[in-house]
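Engineer: Just to be clear, the model below is a prediction. Sequence and coordinates:
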Amino acid sequence: MSASAHSASLPGPIANVPEWSVTELATALKRTLEDAFGHVRLKGEISGYRGPHGSGHAYFSLKDGGAKIDAVIWKGTMLRLRHKPKEGLEVVVTGRITTYPGKSAYQIVVDSLEPAGAGAWMALLEERRRLLAAEGLFDAARKRPVPYLPTVIGVVTSPTGAVIRDILHRLADRFPRPVLVWPVRVQGEGAAEEIAAAIHGFNALEPGGAIPRPDVLIVARGGGSIEDLWCFNEEIVVRAAAASTIPLISAVGHETDVTLIDHASDRRAPTPTGAAEMAVPVLHELLIDLDSLSRRHAGALLRLVDQRRGELRGLTRALPGPEALLAQKRQRLDLAEARLAPALAANARDAQGRLNRALQGLARNPPSLRLARARERLAAIDHRPRHALERVLAVQGERLNGLSRRLEQAPGHGLERLAGRLSRATALFSSLNYRSVLARGYALVLDEAGTPVGSAEAARAAGRVTVEFADGRVAATVEGASPPESPQKSPPKPAPRRAAKRRETGADTKKAPVEGALQGSLFET
């Protein structure tokens, strides 16, 4: 049925309603929803959350006891959220209602997200604390001691609040120290990033630089709700506090407020004023203690001097007097003096006796007599050394003449022996020299390489040979075929004229060579 026929069959009022396409209707509904619900806050429980999509967008649903609505968080918004969506978490989201024409469904585009109620905040805090503790960021072994008297104190807090005034006032009362303040926001968007940057900035200062590096850090904020203090529970702040190489004191909120930075810091103060008390001692108390120690030290020295004086007096009384010490020495000196005069007299008498005995000996045997006797003995032996020397020279001369005659005869005998050895060697060389054999009528056959040929077969194989006689060499070409399979003797060949003449004279008794053989062994018999 056509559209015009269908319109004609409808009642009058309905037939006048204009027709919509699906796209037009979906667009109109989308515009209506966005105009009516352009900005809403919606509370519900996250359901169906599986993490960000590959594109970076996140898709889930919000539900309560009676309804459910789809939700989407675009990638740019997802990166800015302080609190990420988690399955089952009750949250309050802010966004705008719109539709997705492709599914004919409406949804909320989330612009911000935060846990709903203190219970949700505490649940999220406990889960984050558990995860960070599992990494060891809260271990006691990581914590460093706070210096007793720091040179410079760094404070990370808001520059306009009462916290910094309380800290400075308390430091001035106890022990004035130079203070470096790094101003940050301690609440709201971006506060966590500023606090973490301040901690890293203090740690990046070089010791001895233009800006002094603090010896201790104080991160402080006044009291507030869990939402107000939430930036100190952010992971970036906790990790910065745990990584700080400068000892850090956290003073966030009141004594009952506990944040995650308290677990990661080296010391936790209940209040900012308490942090200042932990950072420095009390100057007045130190002065009192120093005065007390000075008095105790002076008293101890006086008591020690008195004690040593008493001990010295006791030791002095135990020592003997000068008279007692010198009496024995004086007595020994008197005895030595009494024995000295008799000992000197006895020594003089003994020396006088030795001198008298020496004079008596000289009188009996004067030196002139001993000199005359020596001269007599010398005169007696005057000619004996000369005769002995003459006899020794005669014997040595005879030995020298004999050696001279032997030396004159030795070269002649040696030359005769060498001449005999040379003649025997010459005869042996002549008998062994192959040229002597050639001189007797033999010849030496050499191949082209100059190697001796020892058989007819080798000569035929060589083809061209050189025949060496005693008076020179002759080149020759070998003719003839290979020897037959069964060798037979060839008829005798007429001997050369020289060989025949030798046989007539009886000078050569060797057999004639076999026909076809050019040369036999030089040593053949």
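Structural biologist: That came through, no problem. Residues are numbered from 1 along each chain as shown.
Engineer: which SS state does Tyr59 fall under?
Structural biologist: Secondary structure, DSSP: H, G, I helix; E, B strand; the rest coil: Tyr59 is strand.
Engineer: ok, and the closest non-adjacent residue to it?
Structural biologist: Val72 (5.5 Å; CB to CB, 6 or more residues apart in numbering). Every residue, glycine included, has its C-beta placed from N, CA and C.
Engineer: looking at this, that neighbour is in a strand?
Structural biologist: Yes: counting by three-state DSSP, Val72 falls inside a strand.
Engineer: Am I right that Leu149 is in contact with Ala279?
Structural biologist: No: applying CB atoms under 8 Å, one finds Leu149 not in contact with Ala279, separated by 9.4 Å.
Engineer: higher neighbour count, the two?
Structural biologist: The neighbour comparison of Leu149 against Ala279 (other CB atoms under 10 Å) goes to Ala279, with 31 against 12.
Engineer: Quick check: that one vs Leu171, distance?
Structural biologist: 7 Å (CB to CB, to the nearest Å).
Engineer: ditto for Ser436
Structural biologist: For Ser436, the distance to Leu171 - CB to CB - is 130 Å.
Engineer: Ok, Thr32 next?
Structural biologist: 63 Å.
Engineer: the more surrounded of the two?
Structural biologist: Using other CB under 10 Å, the more surrounded residue of Thr32 and Leu171 is Leu171, with 22 against 11.
Engineer: Now the more buried one: which helix or strand?
Structural biologist: helix 162-174 (DSSP states H and E).
Engineer: packing partners for the helix or strand that that helix is followed by?
Structural biologist: Using DSSP H and E, the helix or strand that follows helix 162-174 towards the C-terminus is strand 179-183. Judged by 3 or more CB pairs under 8 Å, 6 or more residues apart in numbering; DSSP states H and E, the packing partners of strand 179-183 are strand 153-157, helix 162-174, helix 191-204.
Engineer: Quick check, Tyr59 in contact with Lys75.
Structural biologist: No: Tyr59 lies out of contact with Lys75 (CB under 8 Å); the separation is 11.8 Å.
Engineer: which of these two has more neighbours?
Structural biologist: Tyr59 (15 against 12).
Engineer: Just the terminal-to-terminal distance for stretch 435-451.
Structural biologist: 16 Å (CA to CA, to the nearest Å).
Engineer: Just the buried residues of it, please?
Structural biologist: Across stretch 435-451, burial judged by 16 or more other CB atoms under 10 Å covers Val437, Leu438, Tyr442, Leu444, Val445, Leu446, Asp447.
Engineer: What mean pLDDT does that stretch get?
Structural biologist: Stretch 435-451 carries an average pLDDT of 81.
Engineer: And stretch 65-81, by the same measure?
Structural biologist: 86.
Engineer: I would like the residues contacting it, please.
Structural biologist: The contact list for stretch 65-81, computed with CB atoms under 8 Å, 6 or more residues apart in numbering, reads 42, 44, 47, 52, 55-63, 84-85, 93, 95, 100, 105-113.
Engineer: Only whichever of those residues are buried, select them in ChimeraX.
Structural biologist: The ChimeraX selection below is limited to those of the contacts of stretch 65-81 classed as buried (16+ other CB under 10 Å):
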select :42,44,52,58,60,61,62,85,93,95,107,108,110,112,113
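Engineer: Tell me which of the contacts of stretch 65-81 fall in helices.
Structural biologist: Counting by DSSP state H, none of the members of these fall within helices.
Engineer: Can I get the helix holding Leu171 in CSV, CA atoms only?
Structural biologist: Extracted in CSV, the C-alpha atoms of helix 162-174 (Å, rounded to 0.1, in the frame of the first residue of the first chain):
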residue,chain,number,x,y,z
ALA,A,162,48.4,30.2,59.6
VAL,A,163,50.5,27.0,59.4
ILE,A,164,53.7,28.8,58.2
ARG,A,165,53.3,31.5,60.9
ASP,A,166,52.9,28.8,63.6
ILE,A,167,56.0,27.0,62.4
LEU,A,168,58.2,30.2,62.2
HIS,A,169,56.9,31.3,65.6
ARG,A,170,57.7,28.0,67.2
LEU,A,171,61.2,27.8,65.6
ALA,A,172,61.9,31.4,66.9
ASP,A,173,60.9,30.4,70.4
ARG,A,174,62.9,27.2,70.5
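Engineer: Tell me which residues of it come out buried.
Structural biologist: So for helix 162-174, counting by 16+ other CB under 10 Å, buried means Val163, Ile164, Asp166, Ile167, Leu168, Arg170, Leu171, Arg174.
Engineer: Compute the first-to-last residue distance for stretch 175-183.
Structural biologist: 23 Å.
Engineer: residues in contact with that stretch?
Structural biologist: 149-159, 164, 167-168, 171, 198, 201-202, 211-212, 214, 279-283, 286.
Engineer: give the contact list for Ala239.
Structural biologist: For the record, residue 239 is Arg, not Ala. Leu137, Ala196, Ala264.
Engineer: how close does it sit to Met78?
Structural biologist: 21 Å.
Engineer: go on, Ile236?
Structural biologist: Using CB to CB, which is the criterion applied here, Ile236 is 17 Å from Met78.
Engineer: got it, and Gly420?
Structural biologist: Distance from Gly420 to Met78, by CB to CB: 125 Å.
Engineer: Report the beta-bridge partner residues of the nearest residue to Glu448 once chain neighbours are set aside.
Structural biologist: Nearest non-adjacent residue to Glu448, counting by CB to CB, 6+ apart: Arg464, 6.0 Å away. Beta bridges link Arg464 to Thr477 when assigned by DSSP bridges.
Engineer: same thing with Thr98?
Structural biologist: Under the criterion used (DSSP bridges), Thr98 bridges to Gln107.
Engineer: residue contacts, it?
Structural biologist: Lys30, Leu33, Glu34, Tyr106, Gln107, Ile108, Val109.
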